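**Student:** pasting the sequence and the predicted model now:
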Amino acid sequence: MNFLVCLKQTFDTEEKIVLKNGEISEEAVEFIINPYDEYAVEEAIRLKELHGGEITILTIGPDRAEQALRSALAMGADKAVLVETEDLEDELDEHSISQLLYAAIQEQEDNYDLILCGYMAVDDGSAQVGPRLAQYLQIPHVSTITKITIAGNEVSLEKDIEGDVEHIQTHLPLLVTTQQGLNDPRYPTIPGIMKAKRKPLTRFEIDDLSISEQSISAKTAQKEVFLPPQKQAGQILKGSIKEQVTSLVEKLHKDAKVI
């Protein structure tokens with residue numbers, strides 16, 4: 001069975017965000033595998049241990065993204081693919097990334113039975129890339145899974161839905177997006193880190209892919225990045241319930257201007 005995991009290298013969630021000229025500064029910032037993508041890597045490894053096969057890790061990003069790929073290889077993946085976009089990082093959106101992933105998959109000789117992506121990236125939170133990629137590949141897609149069982153070509157899935165669990169039956173090939181609760185990602189071991197240095201990593205530039213510049217042209221543009229306003233002290237309403245409600249509505253209308 002062939003597994004493909006699409007991941008993204010993101011800011012360490014413990015990093016303090018610093019803005020410079022309306023953009024997030026990357027100076028002295030630690031980058032990691034997007035946490036939701038770690039669940040995808042871990043689940044692919046567990047499924048490989050059960051069913052056999054090979055795991056390919058694929059990412060779109062600058063040269064530094066190799067570090068995230070090597071981390072996934074150290075966890076237990078078999079090979080990796082990096083599509084370098086060093087000079088285009090500020091010009092790509094979810095549409096662009098999913099198109100590039102699709103083009104990179106077309107370059108591979110393998111036919112993938114199961115593709116796993118993180119539910120969303122913690123830096124933009126769009127949760128669009130996985131569903132878009134499934135649409136381009138014309139295969140079934142199930143988002144935010146918390147359990148997956150494979151028996152032959154049949155797949156049983158579970159996902160959380162507002163305090164309950166939805167059970168889904170589908171088939172391979174399939175794309176799923178992963179979230180917290182699916183598993184607990186393992187830490188790379190020292191032997192795993194050493195082996196990762198020798199595992200194959202293929203690099204592509206955009207010009208190496210069968211895709212036009214028009215196809216990856218962004219559909220959205222980021223105009224500005226800003227921090228949320230600091231929290232202000234709360235207010236305690238006094239008087240009867242009717243007086244408190246009247247006061248609250250007046251403040252929401254005149255001060256907060258939300259009604």
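**Tutor:** Arrived safely, thanks for sending.

**Student:** which other helices and strands contact the longest strand along the chain?
**Tutor:** Ranked by number of residues, the top strand in the chain under DSSP state E is strand 141-151. If contacts are counted by 3 or more CB pairs under 8 Å, 6 or more residues apart in numbering; DSSP states H and E, strand 141-151 sits against helix 35-51, helix 129-137, strand 154-161, strand 164-171, strand 174-178. Backbone N, C-alpha and C define where each C-beta goes, glycine included.

**Student:** paired strands for the shortest one, with orientation please.
**Tutor:** Applying DSSP bridges, strand 174-178 is found paired with strand 114-118 (parallel), strand 141-151 (parallel).

**Student:** quick check: next helix or strand after that strand?
**Tutor:** Using DSSP states H and E, the next helix or strand after strand 174-178 towards the C-terminus is helix 190-196.

**Student:** skip ahead from that following helix and say which helix or strand is next.
**Tutor:** As assigned by DSSP H and E, the chain's next helix or strand after helix 190-196 is strand 201-205.

**Student:** roughly how far is that next one from the heart of the chain?
**Tutor:** With CA atoms, centre = their mean, to the nearest Å as the basis, strand 201-205 stands 20 Å off its chain's centre.

**Student:** surely I193 meets G76?
**Tutor:** No - at 11.4 Å, I193 does not count as touching G76 under the criterion of CB atoms under 8 Å.

**Student:** so which of those two has more stuff around it?
**Tutor:** Looking at I193 and G76 with other CB atoms under 10 Å, you find the greater number of neighbours at G76, namely 20 against 14.

**Student:** tell me what V155 is bridged to.
**Tutor:** Under the criterion DSSP bridges, V155 forms beta bridges with I150, T170.

**Student:** how many neighbours does it have?
**Tutor:** V155: 22 neighbours (other CB under 10 Å).

**Student:** can you check V5 too?
**Tutor:** For V5, using other CB under 10 Å, the count is 29.

**Student:** now it. Its backbone dihedrals?
**Tutor:** V5 adopts backbone torsions of phi -120, psi 120, taken as degrees, to the nearest 10.

**Student:** and it, how far from E42?
**Tutor:** Distance check for V5 against E42: by CB to CB, to the nearest Å, it reads 10 Å.

**Student:** L237 now?
**Tutor:** In terms of CB to CB, L237 sits 48 Å off from E42.
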